[in-house]
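Q: sequence first, predicted coordinates after that:
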Amino acid sequence: DAADAAAAGAGGGDDDDGGDVEVVAMKTLEEAERDKLERAKLTGDYMDLTDMENQYRPETVLGMMKNKEADEELEKKRMVDARREERELAARQRADLAAIVPRARTPEIVELVEEEEG
């Protein structure tokens, strides 16, 4: 069998150059193509062009348009929420900074900074 011969040939040499290869599985071209097709279907990267009649029916196109509109609305809401969260975070940071800055101007801190600079 070709797989046994390849496995025997790969491990049969006495070279110790660290470049040994171990064959753990063999796939035919058909198996590799089937795996690639299944992966494309799972990730949504596959479109069956042999079924053109069903793909372009009015109800299919309308459904696609509604899905796109829903996705756009969801993205708008996500952006509004992200902006609101960023504004809230900035307000909290300003409040924290306002609480820290007055303490940083105490005579002890000013004296320490002057000593380090001078």
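A: All right, it came through fine. Numbering: from 1, shown residues only.
Q: counting neighbours, what do you get for K68?
A: By other CB atoms under 10 Å, the residues close to K68 number 10. All C-beta atoms are positioned from the backbone trio N, CA, C, and that covers glycine.
Q: what strand or helix carries it?
A: Counting by DSSP states H and E, the element that carries K68 is helix 58-104.
Q: swap in V113?
A: helix 107-117.
Q: check the gap between A91 and E85 for me.
A: Going from A91 to E85 by CB to CB, to the nearest Å gives 11 Å.
Q: sorry, that was for L62
A: 35 Å.
Q: average pLDDT across stretch 94-106?
A: For stretch 94-106, the mean per-residue pLDDT is 76.
Q: do the same with stretch 38-54
A: Computed over stretch 38-54, the average pLDDT equals 77.
Q: can you dump the C-alpha coordinates of it into CSV?
A: Taking Å, rounded to 0.1, in the frame of the first residue of the first chain, the C-alpha atoms of stretch 38-54 are listed here in CSV:
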residue,chain,number,x,y,z
GLU,A,38,-17.6,21.3,4.5
ARG,A,39,-15.5,24.0,6.2
ALA,A,40,-16.7,26.6,3.7
LYS,A,41,-20.3,25.6,4.4
LEU,A,42,-19.8,25.9,8.1
THR,A,43,-18.2,29.3,7.9
GLY,A,44,-20.7,30.7,5.4
ASP,A,45,-18.2,31.0,2.6
TYR,A,46,-20.1,28.7,0.3
MET,A,47,-22.8,29.5,-2.3
ASP,A,48,-24.5,26.8,-4.4
LEU,A,49,-24.5,28.3,-7.8
THR,A,50,-26.2,25.2,-9.3
ASP,A,51,-29.5,26.2,-7.6
MET,A,52,-29.8,29.7,-9.1
GLU,A,53,-33.6,29.4,-9.5
ASN,A,54,-34.2,29.2,-5.7
